[in-house]
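In: Mind folding the following:
(chains A and B)
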Amino acid sequence: MAINWFKYAAPATFYGLAGKMVPWFAVPAAILFVVGMYIGFFVAPADAVQSEAYRIIFIHVPASILSMFIYLIMAGYAAFGLIFNTRLSSMMATALAPTGALFAFISLWTGALWGKPMWGAWWVWDARLTSELILLFLYLGFIALQSSIDDSRRADRAGALLAIVGSVNVPIIYFSVKWWNTLHQGSTIKFTGTSMHIAMQQAMFVMLVACWLYVIAVTLVRVRSIILERERNAQWVSELNEVKL
Amino acid sequence: MKPRYQRLMFILGGVAIVAAAAGLVLFALKDNVSLYFTPTQVFNKEAPQGHSFRIGGLVEVGSVKREGDGLTVHFSITDTSKNMPVTYKGILPDLFKEGKGVVAQGKLRDDNVFYADEVLAKHDENYMPPEAKHALEEAAKAQSAVNAAPVVSPAK
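Out: Numbers count the residues shown, from 1 in each chain, chains lettered A, B, ... in the order given. Here you go, the predicted model:
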């Protein structure tokens, strides 16, 4: 049996599929947020050095990981759209950008809130913090560039180039704490293992999965509205039940 | 060659060039990207002379002395090979502790004392509950007792 892999690459068919998929990601995300917060605040023990203040990692770490991950996925979609001229992949890149920017902002903001009492400074121009700030600016630049070009196909191409070039920054963020002396601590979770209490790990992992599911759900919702906006003159859009009403 | 492969090659080539350029820039700026100098680097005169810079390392155990005014603190920063005496007047961050990471900004004066006007605590990547930390310390004590024992026993 030959499967038509490209069936759902067409915006018209993906629109319906995405609509059906949203609750399957949104509901688990909400449940896991509650579970993760519960483990994080009530099960995980206080830290020996930072006492309760360390609990910021349950949002700070997933937000930071996802801000980098989303950028790579966004750049991948944008590159795919540029190479194969697939409209849907470019729309996915556009839909991912605001969420990526949100997570980069959360990462910087929670880090500053933690940094003041722990380090003694809201902000330090060390390699980790600065490169994460550049990541936020890349997201904002991508959004601004795309919205400044009226023709959506040209906007896709211009944004794709920025996204692809900017992806060089992501490994710099990740390895910054290794390559240079930074105030930001090294990675707690490494490929070789982790230096963290088990309940703390569980809370962080659950929160990471919850954030992931949230990203997928919110991106699907956003890509649906982008599809509707760009295909508003197409026949199939005018035949949708929600449009007819 | 199909246009899409041309585009793919163009993008891969472009990313490789940008990555190489970024790599060269960062390599050239290697010393400037680092937030602080280690005491060894300061002793080797790699730190700027007569300018403000940051020095980082561990607070040497047993080196912290407070003056009567309750604000002025003397301590030394070590990277286990060299020590740098530091004087600071101000409020220290919560995580400032002997044996823990610290980054101080200030100037090195002629008396070879580093006069800091900002002291930041550097946290490590370990997270553990107080009981686990206590157990680790007990284990370290037991270990050092074992290591010390053979030195004592031959003196019969």
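In: first to last residue in stretch A:187-203, what's the distance?
Out: End-to-end distance of stretch A:187-203: 17 Å, with C-alpha to C-alpha, to the nearest Å as the criterion.
In: lowest-pLDDT helix or strand in chain B?
Out: Lowest by mean pLDDT, DSSP states H and E among the helices and strands of chain B is helix B:130-152, with a mean of 68.
In: Likewise for chain A?
Out: Lowest on mean pLDDT, DSSP H and E among the helices and strands of chain A sits strand A:193-194, with a mean of 66.
In: Which element, helix or strand, includes the residue lying closest to A:Arg222 once chain neighbours are set aside?
Out: Computed as C-beta to C-beta, 6 or more residues apart in numbering or on different chains, the closest residue to A:Arg222 that is not its neighbour in sequence is A:Ala95, at 4.1 Å. Any C-beta I mention is one placed from the backbone N, CA and C, and that applies to glycine too. Per DSSP states H and E, A:Ala95 falls inside helix A:87-118.
In: which residues are contacting the helix or strand following that helix?
Out: Downstream of helix A:87-118, the next assigned helix or strand under DSSP H and E is helix A:127-148. For helix A:127-148, the external contacting residues (C-beta atoms under 8 Å, 6 or more residues apart in numbering or on different chains) are A:64, A:67-68, A:71, A:74, A:94, A:97-98, A:100-101, A:104-105, A:107-108, A:111, A:123, A:155-156, A:158-159, A:162-163, A:166, A:169-170, A:172-173, A:176-177, A:179-180, A:182-184, B:33-35.
In: Could you rerun that using 7 Å?
Out: The contact list for helix A:127-148 (C-beta atoms under 7 Å, 6 or more residues apart in numbering or on different chains) reads A:67, A:71, A:94, A:97-98, A:100-101, A:104-105, A:107-108, A:123, A:155, A:158-159, A:162-163, A:166, A:169, A:172-173, A:176-177, A:180, A:182, A:184, B:33.
In: tell me the pLDDT at the residue nearest to A:Arg222?
Out: pLDDT recorded at A:Ala95 is 95.
In: now the nearest residue to A:Trp179 once chain neighbours are set aside: how far from A:Val177?
Out: Spatial nearest neighbour of A:Trp179, chain neighbours left out: A:Ala127 (7.3 Å); criterion: C-beta to C-beta, 6+ apart. According to C-beta to C-beta, to the nearest Å, A:Ala127 and A:Val177 sit 8 Å apart.
In: more crowded one of these two?
Out: Counted by other C-beta atoms under 10 Å in any protein chain shown, A:Ala127 and A:Val177 do not tie: A:Ala127 has more neighbours, with 23 against 18.
In: Please identify the residues of chain B in proximity to chain A?
Out: Contact residues (C-beta under 7 Å from any C-beta of the partner chain) of chain B with chain A: B:4, B:7-8, B:11, B:15, B:18-19, B:22, B:33-36, B:56, B:93-95, B:103, B:119-130, B:132-133.
In: among these, which ones are buried?
Out: Taking 16 or more other C-beta atoms under 10 Å in any protein chain shown as the criterion, what is buried in the residues of chain B next to chain A is B:8, B:11, B:15, B:33-36, B:56, B:93, B:95, B:103, B:119-123, B:126-129.
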